[in-house]
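Enquirer: attaching a predicted model along with its sequence, questions to come.
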Amino acid sequence: MVKFLFVAILLLLLFGGGAKAVLRGGARSLNLADRLLGPGDGARLLLADQPYGQGPRQSLDIWVPEAAQPHDRLPVVVFFYGGGWNSGARESYGFAGRALAQQGFVTVIPDYRLVPRAHWPDFLKDSAAAVAWVHRHIASLGGDPDRIALMGHSAGAYNAMMLALDPSWLREAGSDPSVIRGVAGLAGPYDFLPLEKGGFADKAMGKVRPLEKTQPVAFARGDAPPLWLATGDADDVVRPRNSQNLAAAILRAGGAATLRVYPGMGHTAIVMALSAPFRGKGPVLEEASDFLRGVTARRIAPIGAAAQ
């Protein structure tokens, strides 16, 4: 009872401002609340601060289902956090790692370089390097390198979507673009020209020419991995039209895209809904996990190939 009262007071102090508190840098606080109010089992941190490159922000954390063993071949999700390309830290997103690991996924959360020390395309190169590392090493950590999907929120959804739609990033990282089986994007910016002067995107990529090459929608193609694009109709940070326009472009090209619009949900609420204290905001975790299970389902080899 004492613990419950303590947590209730903590939540009131930390989240009295609701989603705005998280927008002001509350991911660490959200992670703390998730640890205190979550089930406390079903997931564990397998590796922390594992380098995938040589840079100071080129490290990742790996969460696994509690009973996972090194010889398992579990589906893998690489989750990229948001923060306007200028903030964020993998250790603050343990709530996402725990949530997805509890759903049965080996979950990888990488850091990547941020503005102002880095600009487009540095964060894309880092994201691609992280996925390439995962493909090379995840088999020894309980994951299946043939069943990798990407997921991200906001700027992280942008990173994930660019890797999936433009094959050049993974090729440059020495990997095969076909390793990506699907992408779940939460409130991602995919079609946001013209840039808002002085805004996050302008600071991250405003000097790129032509600017069109920064837009995921410009790379929409029929043979892209399946996409699950989730947004909230109350999102006034990354407007729902970003997800709507990308879904429409993929479908016009003959590809697979599912659009999910959550009524009354804002920009940060959609990622908060992954955490134990705020899952009542909407079935984001449940529906994203259903999509991720579908795209990472085992592929059955043809009879002739299996006999070889």
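Expert: On my side now, so go ahead. Numbers count the residues shown, from 1 in each chain.
Enquirer: verify the contact between residue 179 and residue 170 for me.
Expert: Yes: with contact defined as Cβ atoms under 8 Å, residue 179 reaches residue 170; the gap is 7.2 Å. The C-beta positions use only the backbone N, C-alpha and C, and glycine is treated the same way.
Enquirer: what do the two both touch?
Expert: residue 131 (Cβ atoms under 8 Å, 6 or more residues apart in numbering).
Enquirer: middle-most residue in the protein, spatially?
Expert: Nearest to the mean C-alpha position of the chain, by Cα atoms, centre = their mean, lies residue 152 at 1.9 Å.
Enquirer: buried residues in stretch 217-228, which are they?
Expert: Residues of stretch 217-228 classed as buried: 217-220, 224-228 (neighbour count, 16 or more other Cβ atoms under 10 Å).
Enquirer: compute the first-to-last residue distance for it.
Expert: 14 Å (Cα to Cα, to the nearest Å).
Enquirer: identify the residues contacting that stretch?
Expert: Counting by Cβ under 8 Å, 6+ apart, 149, 161-162, 164-166, 180-185, 190-191, 212, 245-247, 249-250, 252-258, 260, 287-288, 291-292, 294-295 sit against stretch 217-228.
Enquirer: could you do stretch 116-128 as well?
Expert: Contacts of stretch 116-128 (Cβ under 8 Å, 6+ apart): 53, 55, 57-58, 80, 85-86, 110-114, 155, 159-160, 162-163, 169-170, 172-173, 175, 203-205, 207-208, 214.
Enquirer: what do you get for stretch 192-208?
Expert: 84-86, 115-116, 119-120, 123, 155, 189, 211-212, 214-215, 238, 242.
Enquirer: is it correct that residue 245 is in contact with residue 191?
Expert: Yes: counting by Cβ under 8 Å, residue 245 touches residue 191, with 4.3 Å between them.
Enquirer: picking up where we left off before, can you name the two of the buried residues of stretch 217-228 that sit furthest apart?
Expert: Farthest-apart pair in those is 218 and 228; separation 20.2 Å (Cβ to Cβ).
Enquirer: pLDDT weak spots in the stretch 201-308 of the chain?
Expert: Applying pLDDT under 70 to the stretch 201-308 of the chain flags the ranges 299-308.
Enquirer: what segments of this structure are strands?
Expert: 43-51, 59-65, 74-80, 106-110, 143-153, 180-186, 227-232, 257-262 (DSSP state E).
Enquirer: nearest to residue 271, of those?
Expert: strand 143-153 (4.2 Å).
Enquirer: which elements pack onto that closest one?
Expert: The helices and strands touching strand 143-153, judged by 3 or more Cβ pairs under 8 Å, 6 or more residues apart in numbering; DSSP states H and E, are strand 74-80, helix 122-137, helix 155-165, strand 180-186, helix 284-295.
Enquirer: strand partners (parallel or antiparallel) of that strand?
Expert: Partners of strand 143-153 in the sheet, by DSSP bridges, are strand 74-80 (parallel), strand 180-186 (parallel).
Enquirer: what angle do helix 155-165 and that strand make with each other?
Expert: 130 degrees (axes from the mean of the first three to the mean of the last three Cα atoms, to 10 degrees).
Enquirer: put the alpha carbons of strand 143-153 into CSV.
Expert: Taking C-alpha atoms only, strand 143-153 is exported to CSV below (Å, rounded to 0.1, in the frame of the first residue of the first chain):
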residue,chain,number,x,y,z
GLY,A,143,17.3,-13.5,-32.2
ASP,A,144,16.6,-14.6,-35.8
PRO,A,145,18.6,-12.5,-38.3
ASP,A,146,16.0,-13.5,-40.9
ARG,A,147,13.2,-12.0,-38.9
ILE,A,148,14.1,-8.3,-38.3
ALA,A,149,11.5,-5.5,-38.2
LEU,A,150,11.9,-1.8,-37.4
MET,A,151,9.8,0.4,-35.2
GLY,A,152,10.1,4.0,-34.2
HIS,A,153,8.4,7.1,-32.8
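Enquirer: just want the angle from it to strand 227-232.
Expert: Taking the same axes, to 10 degrees, one finds strand 143-153 and strand 227-232 inclined to each other by 30 degrees.
Enquirer: before we move on, the earlier item: could I get the strands of the chain as TSV with distance to residue 128?
Expert: Shown next, in TSV, are the strands of the chain (distance: least, Cβ to Cβ, whole Å):
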stretch	distance to residue 128
strand 43-51	16
strand 59-65	13
strand 74-80	11
strand 106-110	10
strand 143-153	11
strand 180-186	10
strand 227-232	18
strand 257-262	22
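Enquirer: residue 160 and residue 80 touch, don't they?
Expert: Yes: using Cβ under 8 Å, residue 160 is in contact with residue 80, at 5.2 Å.
Enquirer: neighbour count: those two, which is higher?
Expert: Set side by side, residue 160 and residue 80 show more neighbours around residue 80, with 33 against 28, by other Cβ atoms under 10 Å.
Enquirer: tell me the bridge partners for that one.
Expert: residue 152.
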